[in-house]
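> Sequence first, then the predicted structure:
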Protein chains: 4
Amino acid sequence: MSFDFSLTPRVEEWRGRIAEFVGGVVIPREQEAFTNGLDDDLRRELQEAAKGAGIWAPQAPADLGGGGFRFDEAAVLLEEAGTSLLGPLALGCAAPDEGNIHLLNMVATPAQREKYLLPLVNGDVRSCFAMTEPPPGAGSDPSAVRTLATKAPGGWTISGEKHLITGAEGAAFSIVMARDDESGGATMLMVDTDTPGFVVKEHARTIDSTMVGGHCRVLFEDVFVPDDAVLGEPGLGFRYVQVRLAPARLTHCMRWLGAARRAHEIALGRAVDRELFGQRMTDLGMAQQLIADNEIDLVAARALLWQSCWELAGGDKGNESSSRAKVFVSEAVGRIVDRSVQLAGGMGTSEDLVIGRVYADIRAFRIYDGASEAHRMSIAKRTARRARTAADKGNEVR
Amino acid sequence: MSFDFSLTPRVEEWRGRIAEFVGGVVIPREQEAFTNGLDDDLRRELQEAAKGAGIWAPQAPADLGGGGFRFDEAAVLLEEAGTSLLGPLALGCAAPDEGNIHLLNMVATPAQREKYLLPLVNGDVRSCFAMTEPPPGAGSDPSAVRTLATKAPGGWTISGEKHLITGAEGAAFSIVMARDDESGGATMLMVDTDTPGFVVKEHARTIDSTMVGGHCRVLFEDVFVPDDAVLGEPGLGFRYVQVRLAPARLTHCMRWLGAARRAHEIALGRAVDRELFGQRMTDLGMAQQLIADNEIDLVAARALLWQSCWELAGGDKGNESSSRAKVFVSEAVGRIVDRSVQLAGGMGTSEDLVIGRVYADIRAFRIYDGASEAHRMSIAKRTARRARTAADKGNEVR
Amino acid sequence: MSFDFSLTPRVEEWRGRIAEFVGGVVIPREQEAFTNGLDDDLRRELQEAAKGAGIWAPQAPADLGGGGFRFDEAAVLLEEAGTSLLGPLALGCAAPDEGNIHLLNMVATPAQREKYLLPLVNGDVRSCFAMTEPPPGAGSDPSAVRTLATKAPGGWTISGEKHLITGAEGAAFSIVMARDDESGGATMLMVDTDTPGFVVKEHARTIDSTMVGGHCRVLFEDVFVPDDAVLGEPGLGFRYVQVRLAPARLTHCMRWLGAARRAHEIALGRAVDRELFGQRMTDLGMAQQLIADNEIDLVAARALLWQSCWELAGGDKGNESSSRAKVFVSEAVGRIVDRSVQLAGGMGTSEDLVIGRVYADIRAFRIYDGASEAHRMSIAKRTARRARTAADKGNEVR
Amino acid sequence: MSFDFSLTPRVEEWRGRIAEFVGGVVIPREQEAFTNGLDDDLRRELQEAAKGAGIWAPQAPADLGGGGFRFDEAAVLLEEAGTSLLGPLALGCAAPDEGNIHLLNMVATPAQREKYLLPLVNGDVRSCFAMTEPPPGAGSDPSAVRTLATKAPGGWTISGEKHLITGAEGAAFSIVMARDDESGGATMLMVDTDTPGFVVKEHARTIDSTMVGGHCRVLFEDVFVPDDAVLGEPGLGFRYVQVRLAPARLTHCMRWLGAARRAHEIALGRAVDRELFGQRMTDLGMAQQLIADNEIDLVAARALLWQSCWELAGGDKGNESSSRAKVFVSEAVGRIVDRSVQLAGGMGTSEDLVIGRVYADIRAFRIYDGASEAHRMSIAKRTARRARTAADKGNEVR
């Protein structure tokens, strides 16, 4: 049979439980977290509750204690978790840990699984992923990485500077991406954050505020790690980056889609109660346009996201597919939240109404995990290459 | 199993055959049709060829001689047919006949099936659907219909004025939508075009040019039709309109998606051969942006369209779903073709390069079958109603 | 002579001085203000410095100690002041005081000028303008005002609730807009903030952060004010609102245009130093598009703004003209800052780079002083009225 | 005095006369021209009438028989002429003749003025400007010109291929842009169209239809012209191109702004007469949005255009300024006409209602005279160069 957009009963059931949990347990803690900041105490409390509710880590492998859902099924569940900015953290499916779990599960050695993966899946510790560097280092272009891993007797010495490392403050370990002159490529290494020379500097004062552990500048001052700190094999760093990136950008899409839906629902809930210029607000054409465009963007983003996730779930590397989905979804959720601000009016930019918080927090998603421009360049190059090949084969474009 | 975006082997096979047919048989006739107009002789010739190629009427019921594909499967095939503006006509899946086939198949009496449906499916005749009227009559708002069907002894007398009736010139019969003071509702009637009082007046001089039979003003000057000319039952006209509209707007989406893809491919084929400002054109960032945005819009439009078609195939009435898809797809294909014009440069607005023809022909799709604004209003009203109900139940938006 | 876009030597001279002052004195204090909040101490210090630099209150009447510039000339100077988020405050031309100065100058009695206007122009005190109310009260539709002013012996009693009152915390007085059942219209009143019953409640936790005194909820609990607290005459509140609104929305445009230009310049300054994908960033087409679109939006917004200000300076009430300018400029500056974020990359959403702060602070401008939707409605109604009149006169649209 | 947006009495007077002439004389001939094509007989008839009405060639020098208006004043008058697609031709200010008049007036020798300029200003003959070539020749990048002018005894031999040469069919002479290996630059030459080897081939079948003489492919088959056929001096072709291009793209903006305003007015005239969904159409919010956005785009485009024209009138070369105006205006008029189509509904794409004709004719303006992308690249490069210089001077961006 071709085409199926239906949810399995198990997905439906988890989705219902997650919705109930987010509405009943997570959302009541939002204003507190917005005001006082989001710390590890609140994180642990919410995570315990999520485990109790039987909705822990939907995307993580079942044998590690997660939900074991297929990647495209996880799209449904992580969207639901994302309806609170605290939801993904509560459910053990927030960045950057969720992406690190995926990567470790794919390439970690048995010892690394034991030491890093298990406590991470279980929420005992947090982690970070140290790739991004200040210009002219790694960013939308990972191949520009400048942090250096140098082979030393019995291990490696890492030196360099990273910035915008989400969750670095308070993380137990970091996966580090480094240029490796040995292999001429790049190598990923596991670094415990209490290793000498691993220094967390200031947090970037960005306008988002719901990432535990901030976005930190991190120095690697001749950090020595033993040979078994290499993740997988040396020299395969660029390959591993791809293993992490495509699914990680899609789980971001899932979560932010939930956040955008929430902003839309809040704005809508206010609109149905308001009158303006002598009419019900929802009878005003320009309000209707905001509402309808949000509904349309939500379903279009979801349909495209599901398709891309389905392709990855089926074994596709998904670079081009996930690039297209990332650009579309990140821009669509931006539009949705912007319209929700507008629909909500004067309080639309406030944390009190949550929408303002989402507006500020969601902006960077068009930049991280590959800026829209970088993905567009990549999509266009692949497209042009195919067109070039077709033309060379004498298959004239019709 | 949840989620499946794969094509069945039979769909794949038909798609391949259609692609080959459009490329080998239809496209070579395009410039001739653009220059001399598209007439019934060319139509019949292409239709015979399509039958010979085993790709006739993919969406029509198998027992009537069509392909018998499920509605969501047809989405794949009608997109392929749409890659030439002549393709849908050649394959027996063009508007307005395709929508009339669907409607007749759902509600016609056995006698009407025999008399009207069979020759229509077979391509022996063409038909038209007479609903739209000059303002202030029926348009985006079908309930404003003013053409009147009056009960007379042994039949009905129809009087009124329609305009923009696609394919009226040369049609064998028309399905007519008329206000019916008997029932207080609306009634649909079958009118042979040689009935006295059925008068085809001037064609609107619109900028599109590939619809056989034009967009005509049609007068109903006291047209008498017998009782068995009523389609289905009297008084159910508004219900039947809905039977036709949701799928008809989606088949439009399918075909225009193909046309937009074609425009993109032509522009791309030129771009890979060009140099500009000393660089390959496809290495220029702004060209890459046009290309990438086209690729993204194509996949997003397709994913949303498939989902909506899948819902209709499963029995959903699909009013809201098809409204969302219609707005998104009609606007996405408009953007795609506009970017293709820009990418193609100086010849981008020419028929010689086909893109210019598509640009002119596709514009009206944001208006007919419900203007974007009418669909947005409808989507917003339904959304607000749900939000209102949720709020009344005390389910505060979280 | 028709058409002149040149600046007078005096405008040029002030502009140069303001640019120097903002760059040399104000900008060095920005990070401190972002981190610790913007308080009255810093405000006074900067204001003293501005007076010393001979650039105090460019828009205020010369006989009150301001620059005395014509309104369209002020557009040039307030844009320059706006290049720092602290600049307008430093120069005595920030909202809401600047708008209150204008209003008081137009309608205050001699005694009110003495008591309120002079210290306000001089920066001795701050003020607020209490119009906006929680739904369903006054907002984009001022006529929905619900706060009530009741005639009492020797004065008036005001009761009601306002919200989002910018600068209320720490203001010396408030201009209050109230429904007035006596006149059947509205009346504006001067209220010293130490009057019993004037209660400043919580600040809305909005994502902007550079308005001294926050956006507060304010209660009027049977606040009694004497008869001479009426601003101008009773019953003319709606007329006075118009006196304030048109110029106030244009001075907002001036200041935010400066802020947007600054964000663009910062992003540009980074871009010219960066390399990406092996090219200079400013040679990448998609970066060029961001840069060029910013340049275009800046000049288009400025040209339209100048024209609208010139009309007001010439005595036009400018309701329609200022509505058009407000919609265009508020949306253009939003686009410019959004593109600047994107161009700046990972640090684009940070306060460290200033752009992130501007991004968060500028969003509400599409809502306050009339949401874009309210202005569009007003523009369309006036346009339709003219078209209706023309049609009725038999002047068929050609 | 700084800033003046007022019109002089003489401009007001001409504008009134032009409006009356276009409404009374030109518009009544539109449908005929749309149906039968626009030929030189109709052109001559309308031009005689325009001369009789005292509104001939507003932009042409007074000593040559034109209106002698300053360039920024001409902006007002050419917009008015543009309200009919036939208007500019009728008034002697249509492309390509208007641009050729400007160029010849700046650089032609006395003999060339006598032979070519005088009859052209007078409307006795038509001309064309042969620069654009099929890829990979001259287009958005004039420096790619491949047509060759070779020095021969007593003259030059021109060989090459041009395409999209507007007005070539029926022109008396052509200004030809050719690479000139003698000078290593480019040279412009005057070629009478009856010179042997000057061959007008097929018209591109573009979707516009109101340019007399079509957009033709033109062959130069070893065309010999005498030495005095060189326009101005040999080797200065690229400089002369700039003399022509900046003002020519702005006069296009003027004329198309008029066409867009006309489309808007027609759509508006229909809207005020329509009811839809039980409301007056102009009370529907989404219609109001279309109307308001058109009004805003019209005034923004006009303000920016006037400013750019004022700069050119003052002696500025205006390359960057005219690039910005061209991008903004060409895209704004595109949006305006697109919204007008939508507002007009079913007949919006028809020639009967004129809007459809404008929609098709206006599209190419985002491509010719420099595609939007080429202008954006040029704007960004100049902007980056300034930012680079500022940074190098140690003027850190603040």
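Done, it's in. Since we're looking at a predicted model, the values are computed, not measured. Numbers count the residues shown, from 1 in each chain, chains lettered A, B, ... in the order given.
> mind listing the helices in the stretch 251-398 of chain A by residue range?
Read by DSSP state H, counting those that start in this stretch, the stretch 251-398 of chain A holds these helices, from start to end of the chain: A:285-313, A:319-344, A:355-362, A:372-392.
> my bad, should have said the stretch 51-200 of chain A
A:71-81, A:87-90, A:97-107, A:110-112, A:118-121.
> Chain A: strands as residue ranges?
For chain A, the strands identified by DSSP state E occupy A:127-130, A:148-152, A:155-166, A:173-180, A:185-192, A:198-203, A:215-226, A:275-276, A:279-280, in order along the chain.
> Tell me which residue is most central in chain A.
A:H252 (3.2 Å; C-alpha atoms, centre = their mean).
> Show me how the record splits chain A into domains.
Residue ranges for the domains of chain A, per automatic domain parsing: A:9-121, A:127-238, A:241-392.
> quick one on the thing from earlier: can you redo the strands of chain A as a markdown table with distance to chain D and mean pLDDT?
To be clear about C-beta, it is placed using only N, CA and C from the backbone, and glycine gets the same treatment. Converted to a markdown table, the strands of chain A look like this (distance: least, C-beta to the nearest C-beta, whole Å; pLDDT from 0 to 100):
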| stretch | distance to chain D | mean pLDDT |
| --- | --- | --- |
| strand A:127-130 | 29 | 98 |
| strand A:148-152 | 29 | 96 |
| strand A:155-166 | 20 | 97 |
| strand A:173-180 | 28 | 97 |
| strand A:185-192 | 31 | 97 |
| strand A:198-203 | 21 | 97 |
| strand A:215-226 | 21 | 98 |
| strand A:275-276 | 11 | 90 |
| strand A:279-280 | 9 | 92 |
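> hang on, the earlier thing: what's the closest of the helices of the stretch 51-200 of chain A to chain D?
When the helices of the stretch 51-200 of chain A are ranked by distance to chain D, counting by C-beta to the nearest C-beta, first place goes to helix A:71-81 at 29.2 Å.
> what's the average pLDDT for stretch A:56-63?
If you average the pLDDT over stretch A:56-63, you get 97.
> ends of that stretch, how far apart?
Counting by C-alpha to C-alpha, to the nearest Å, you get 13 Å between the two ends of stretch A:56-63.
> Now tell me what touches that stretch from outside.
With C-beta atoms under 8 Å, 6 or more residues apart in numbering or on different chains as the test, stretch A:56-63 has contacts from A:14, A:18, A:47, A:50, A:65-69, A:71, A:74, A:77-78, A:81, A:91-93, A:98, A:101-102, A:105, A:121, A:123, A:251.
> separation between the residue lying farthest from the centre of chain A and B:R376?
Here chain A reaches farthest from its C-alpha mean at A:G278, the gap being 43.4 Å by C-alpha atoms, centre = their mean. According to C-beta to C-beta, to the nearest Å, A:G278 stands 22 Å off from B:R376.
> what's the answer for A:Y368, then?
Using C-beta to C-beta, A:Y368 is found at 32 Å from B:R376.
> So between those two, which is more surrounded?
Relative neighbour count places B:R376 above the other of A:Y368 and B:R376, with 24 against 21, counting by other C-beta atoms under 10 Å in any protein chain shown.
> Just to check, that one is in contact with A:Q288?
Yes. Checked against C-beta atoms under 8 Å, the pair B:R376 and A:Q288 is within contact range at 6.1 Å.
> shared neighbours of these two, anything?
For the pair B:R376 and A:Q288, residues contacting each of them under the criterion C-beta under 8 Å, 6+ apart are D:M286.
> OK, contacts around the residue nearest to the centre of chain A?
Contacts of A:H252 were listed using C-beta under 8 Å, 6+ apart, and they are A:A95, A:K326, A:S330, A:F365, A:D369.
> quick one: it and A:P196, what's the gap?
For A:H252, the distance to A:P196 (C-beta to C-beta) stands at 33 Å.
> what comes into contact with the lowest-mean-pLDDT helix or strand in chain A?
Between all helices and strands in chain A, the lowest mean by mean pLDDT, DSSP states H and E belongs to strand A:275-276, at a mean of 90. Strand A:275-276 is touched from outside by A:M281, A:L284, C:P136, C:G139, C:S140, C:D141, C:A144, with contacts defined as C-beta under 8 Å, 6+ apart.
> could you redo the last one with a cut-off of 10 Å?
Residues lying outside strand A:275-276 but in contact with it, judged by C-beta atoms under 10 Å, 6 or more residues apart in numbering or on different chains, are A:281-284, A:287, A:345, C:135-136, C:139-141, C:144, C:371, C:373-374, C:377.
> Give me every residue in the stretch 51-200 of chain A that's in contact range of chain C.
Proximity of the stretch 51-200 of chain A to chain C, by C-beta under 10 Å from any C-beta of the partner chain, involves residues A:T132, A:E133, A:P134, A:P135, A:P136, A:G139, A:S140, A:D141, A:S143, A:A144, A:H163, A:L164.
> and which of those residues is nearest to chain B?
Of all those, A:S140 has the smallest distance to chain B: 13.1 Å, by C-beta to the nearest C-beta.
> Just the pLDDT for A:S143.
In this prediction, A:S143 carries a pLDDT score of 90.
> Skip the chain neighbours and tell me the closest residue to it.
When the adjacent residues along the chain are set aside, A:S143 lies closest to A:F238, with 6.8 Å between them (C-beta to C-beta, 6 or more residues apart in numbering or on different chains).
> do A:K201 as well
Spatial nearest neighbour of A:K201, chain neighbours left out: A:R217 (4.0 Å); criterion: C-beta to C-beta, 6+ apart.
> got it, and A:D208?
Closest residue in space to A:D208, ignoring its immediate chain neighbours: A:D361 at 3.9 Å, by C-beta to C-beta, 6+ apart.
> Contact partners for that neighbour?
If a contact means C-beta under 10 Å, 6+ apart, then A:D361 has A:L85, A:T206, A:I207, A:D208, A:S209, A:T210, A:M211, A:W256, A:A259, A:V337, C:I207, C:T349 as its contacts.
> Same question for A:D316.
Residues A:A246, A:S308, A:W310, A:S322 are the ones in contact with A:D316 under the rule C-beta under 10 Å, 6+ apart.
> again, 6 Å this time
The neighbourhood of A:D316, defined by C-beta atoms under 6 Å, 6 or more residues apart in numbering or on different chains, contains no residues.
> now do A:F198
A:V191, A:V223.
> hey, what's it bridged with?
A:F198 has these beta-bridge partners by DSSP bridges: A:F220.
> any idea how far it lies from A:G170?
Looking at A:F198 against A:G170, where the rule is C-beta to C-beta, the gap reads 13 Å.
> could you dump the helices of the stretch 251-398 of chain A to JSON lines with mean pLDDT and distance to D:R43?
Below are these laid out as JSON lines (pLDDT from 0 to 100; distance: least, C-beta to C-beta, whole Å):
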{"stretch": "helix A:285-313", "mean pLDDT": "97", "distance to D:R43": "44"}
{"stretch": "helix A:319-344", "mean pLDDT": "97", "distance to D:R43": "48"}
{"stretch": "helix A:355-362", "mean pLDDT": "98", "distance to D:R43": "56"}
{"stretch": "helix A:372-392", "mean pLDDT": "95", "distance to D:R43": "43"}
